[in-house]
Structure formats: structure tokens, C-alpha cells
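# curious how this folds, go ahead:
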Amino acid sequence: MPTFEIPDGPTSIDIARPGDPKSTGPAQGQAVFNVTNKSGAICDGRLSVEVAGAAKKEWFEIEGERERPFGAGETQTATIRISIPGDAPAGEYPFRLRVVAVNDPDNDHAEGPVTTARLAGAGGGGGGIPWWVWLLVGLLVLAIIGGVAAFVFGSGDGGKEEPENKVEEAEAVVPNFVDQNVDTIAANAGGYQIIKNETANTGRPPRVVYDQDPEANTPLGEGGRVILSYEPGVVVPQLPAGATFSSAPNILRSAGLEPGSFLCDASSGSPGAQVGRVTAFDPAPGTRVGSGSKVNMRAVQPTRCIGRFIDSRIIDRMVVTRGNVVSKAIGGQ
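Here you go, the predicted model:
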């Protein structure tokens, strides 16, 4: 039976090209998977990406260490960064995550479900006319037809003026989607064709639209295409068993997050409590937050919880040896 398991993952990822039609930059996105060590022992696993169809292996990169240790029964997240060149044609590019046990790579391995990276827009290098050119041409033709019709029908009215209280039909315009959740917008698009453009993380709120094309209040009929740019954010990683003051901050940094404060665990000061053990992340693992967000760590301290935060003097007097934290502070805070 394989040591590792990749139980689930996204079935498809929408990869949109940069919002600027003149840009030749790559289309980017990411996919997040869970990898579980099902055995009762620590095991090193090596991650890789397998591609199929027209997908190229160099388009996919695993974030962080490809070879990493897994505790007994531990689940870790694996993020695959996707970067498709600007001249790649639109289409579907399948791939999957693979993990092998380092001590027996030929016989002990597991593969995740097939995920399809769907690249939107016309393919580069084909000489096709961009969609926005056709939109401008269509608007120009409508303006000419409207002017001719006004001249022809207006010339036979005997010079009568239109009533001032005549109500003109309002022209449909693009709503303001900025600062809204992209998934909520896609579910209630109001007749517009929503194109999701997932960009690289810079610290903005996850899955919240920060730019749209066309801009808000731009005339656009029902069924028109609107490109929404947003960042996917970062998922708070799982907390391995036996994490300590020393290792927990590095786990957060490797996930693109910043270690916050050490909060006092309720078992602090109780008999048999493992001093220095980190017991929880706050926000909890699996929560999606902005890249670079601070995540607090709840940990056991030598004395009982008096205040909310662990006294920094106690932390300074703790020694880390082979993953076990031993306190030098026997007295109170």
C-alpha cells in the first residue's frame, strides 16, 4: 500500500492572460493540493508534476521544497505555480501532482487527480484580431447607423421639436466589480461573460477583485466579456505534530506568511505539559488569507496563562534541542 495519498484537488483552473492586450507576459495561476502520509512513521516524500496533452512540464513549478519530511499521519499542502507563455494558444492543459517515497521511489508512489489548466483568450502568434478591436468597430457602425436614421426620419417631421419630457432608453453599462469577491460575481454575473484573471500574490485580500477591464460604467451590452483581476491568496498550512517555537515560524514563512504573536495555550503550567510545543495556528489551517499575512501561534509556556501573550523573557530563556523545547525558566513570569 502506498505511503502517501493525494485525496483531492481542483478539477480545473482558469488561467487568464494579462489584462493589457499589448502585454506579452505569461498567463499565471496556481493549484493547491493536500498530501497525506498514511503511515505510522516519519517519511520523506518527493513531489513532482506530471503533464499530459499539449502541456509543457516547464510551465509548472512546485512552491517551496520538492523533497520534504512528513510526520506520521501528517497532511501538508503542496502549491503548484502555473506560468503559461504569452504565445501559447488558448485551450486546456492537463497535469497532476505526484509524490514518491524517497526510500523506495520505484515502488512507493501516489498520484493526485487530473487537473486541467484552462487558458482563456485567443492564442498568441496566430495573427488574430483582438476582441476589443471588433467591439470598437461594432460601436462605430452602430453610431453611423444611428446618425443616418436620425437624419432621415428627422427631416420629415416639419421642423417639430421633440417634447422635452421624452424619456430616453438607458444604455447598459458595466457595473463596478472592484472590491467584491470574484466567486460571488461569477455566480451573479448579470448576463456578462466573466473572465477570471488570477495574478501573482502581492499581499492583497484573497479572491477580491482589484481591477476590471472594461472599467466600471463603460457601455457594454448583455453577454459582453469582463476580465476581473484578483489574487488567490495563501492557505494557512497544516500544523505538524511536535511543532515548536523554533519550527513553527519557518512553516509559516515557507507558505508565504509571516509569524505573528505567540499566544498562551490553556494547558500552560499544567503537570506534564510539553513546554514550547506549538498547538495551533490562528487563523486555523485551511483558511485562505492574503500573502504575507501574520498568523499567530498558540504554544505551551512553563507557567500558567496570566495574560494573553507569552512573556518574551520566557521565550528568550528556552533552548531548542532536536525538536524538543526545554525551558530554563522554572520560576514565574
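
# make it CA atoms for all contacts and neighbour counts henceforth
OK.

# which residue ranges form the helices in the chain?
Taking DSSP state H to define them, one finds helices in the chain at 131-154, 182-187, 248-254, 312-316.

# ok, Thr279 - contacts?
Neighbouring residues of Thr279 by C-alpha atoms under 8 Å, 6 or more residues apart in numbering: Leu239, Ala243, Asp265, Met297, Arg298, Ala299, Val300.

# where's Asn181 relative to Ile13, distance?
When distance is defined by C-alpha to C-alpha, to the nearest Å, Asn181 is 17 Å away from Ile13.

# same check on Pro94?
According to C-alpha to C-alpha, Pro94 and Ile13 sit 10 Å apart.

# overlap in contacts, those two.
When contacts are counted by C-alpha under 8 Å, 6+ apart, Pro94 and Ile13 are jointly contacted by Thr115, Thr116, Ala117.

# nearest to Ser261, of those?
Set against Ser261, the nearest of these by C-alpha to C-alpha is Thr115 (36.9 Å).

# just give the nearest non-adjacent residue to that closest one, would you?
Leaving aside its chain neighbours, Thr115 sits nearest to Thr11 (4.6 Å; criterion: C-alpha to C-alpha, 6 or more residues apart in numbering).

# what about that neighbour, how many residues nearby?
For Thr11, the count of nearby residues is 13 (other C-alpha atoms under 10 Å).

# which intervals of the stretch 101-250 of the chain have sub-threshold pLDDT?
Within the stretch 101-250 of the chain, the segments meeting pLDDT under 70 span 122-134, 148, 152-170.

# what ranges do the strands span in it?
In the stretch 101-250 of the chain, the strands defined using DSSP state E, counting those that start in this stretch lie at 109-111, 115-119, 193-198, 211-213, 225-230, 234-235.

# can you say which of those is nearest to Lys57?
strand 115-119 (12.6 Å).

# and that closest one, which strands flank it?
Applying DSSP bridges, strand 115-119 is found paired with strand 12-15 (parallel), strand 91-101 (antiparallel).

# and those strands, which one's lowest on average pLDDT?
Mean pLDDT is lowest for strand 12-15 out of the strands paired with strand 115-119, coming in at a mean of 91.

# need the contact list for the most centrally placed residue in the chain.
The centre of the chain sits closest to Pro232, judged by C-alpha atoms, centre = their mean, with a distance of 2.3 Å. By C-alpha under 8 Å, 6+ apart, the contact set of Pro232 is Gln30, Glu198, Thr199, Ala200, Asn201, Pro206, Arg207.

# now a PyMOL select for only the buried ones of the residues you listed.
Per 16 or more other C-alpha atoms under 10 Å, the buried members of the contacts of Pro232 correspond to this PyMOL selection:
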select buried, resi 30+198+199+200+201+206+207
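
# looking at the contacts of Pro232, which is nearest Val278?
Nearest to Val278 out of the contacts of Pro232 is Pro206 (C-alpha to C-alpha; 26.2 Å).

# ok, the nearest residue to that closest one once chain neighbours are set aside - contacts?
Distances taken as C-alpha to C-alpha, 6+ apart put Gly233 closest to Pro206, at 4.2 Å, once the chain neighbours are dropped. Residues near Gly233 by C-alpha under 8 Å, 6+ apart: Asn201, Gly203, Arg204, Pro205, Pro206, Arg207, Arg288, Val289, Gly290, Ser291.

# apply 7 Å and report the result again.
Applying C-alpha atoms under 7 Å, 6 or more residues apart in numbering to Gly233 gives the contacts Asn201, Pro205, Pro206, Arg207, Arg288, Val289, Gly290, Ser291.

# including distance to Leu136, could the residues you listed go into TSV?
Output for the contacts of Gly233, formatted as TSV (distance: C-alpha to C-alpha, whole Å):
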residue	distance to Leu136
Asn201	33
Pro205	33
Pro206	33
Arg207	30
Arg288	39
Val289	39
Gly290	37
Ser291	38
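
# right, and Ala280 touches Met297 too?
Yes: contact criterion C-alpha atoms under 7 Å: Ala280 and Met297 qualify, at 5.9 Å.

# more crowded one of these two?
Between Ala280 and Met297, counted using other C-alpha under 10 Å, the more crowded position is Met297 (26 against 19).

# wait, doesn't that one sit right on Ala284?
No: contact criterion C-alpha under 7 Å: Met297 and Ala284 do not qualify, at 9.8 Å.

# quick one: Pro94 from Glu61, how far?
Going from Pro94 to Glu61 by C-alpha to C-alpha gives 14 Å.

# those two: which has the busier surroundings?
Comparing Pro94 with Glu61 by other C-alpha under 10 Å, the one with more neighbours is Pro94, at 19 against 16.

# now do the same contact list for that one.
With contact taken as C-alpha under 7 Å, 6+ apart, Pro94 is in contact with Val51, Ala52, Gly53, Ala55, Val114, Thr115, Thr116, Ala117.
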